[in-house]
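Novice: Let's see this in three dimensions:
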Amino acid sequence: MKKHINVTGRVQGVGFRYTTYQMAIEIGLTGTVKNEDDGSVTIEAVGTKEQLEKFLEKLKVPQNPFAKVSHIEQYEDPTIKDYDQFNVVY
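Specialist: The predicted structure is shown next:
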């Protein structure tokens with residue numbers, strides 16, 4: 001399953017990408033996480049339905065005390081490529 005996820009809130013400049021990366025690795029996802037010009041963070045995540053559900057639940061409550069998630073928009077996107085690993089995009 002492949003999901004496009006956009007997270008808004010206090011998610012830039014607070015280590016959100018790095019903690020998202022760590023979470024994705026722990027869960028076993030592949031994909032990318034990157035900052036957007038509008039202050040949001042975009043994630044392309046590839047994994048099983050169960051892995052993605054767990055990931056989305058954990059995203060709602062950031063591990064980083066400085067980050068705050070206001071809204072998560074997500075949809076299945078079969079056009080996302082098959083990644084070998086999970087990476088932070090700069």
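Novice: The chain: helices as residue ranges?
Specialist: For the chain, the helices defined by DSSP state H occupy 16-27, 49-60.
Novice: Tell me which of the ones you listed sits nearest to Tyr83.
Specialist: For the helices of the chain, proximity to Tyr83 was assessed by Cβ to Cβ; helix 16-27 is nearest, at 10.2 Å. Quick note: C-beta positions are derived from backbone N, CA and C, even for glycine.
Novice: out of the helices of the chain, nearest to Val7?
Specialist: With Cβ to Cβ as the measure, helix 49-60 is the member of the helices of the chain nearest Val7 (6.5 Å).
Novice: Distance check, the nearest residue to Val69 once chain neighbours are set aside against Leu59.
Specialist: Leaving aside its sequence neighbours, Val69 sits nearest to Gly9 (Cβ to Cβ, 6 or more residues apart in numbering; 4.5 Å). Distance of Gly9 to Leu59, computed by Cβ to Cβ, to the nearest Å: 10 Å.
Novice: of those two, who's got more company?
Specialist: The residue with more neighbours, out of Gly9 and Leu59, is Leu59; 24 against 17, by other Cβ atoms under 10 Å.
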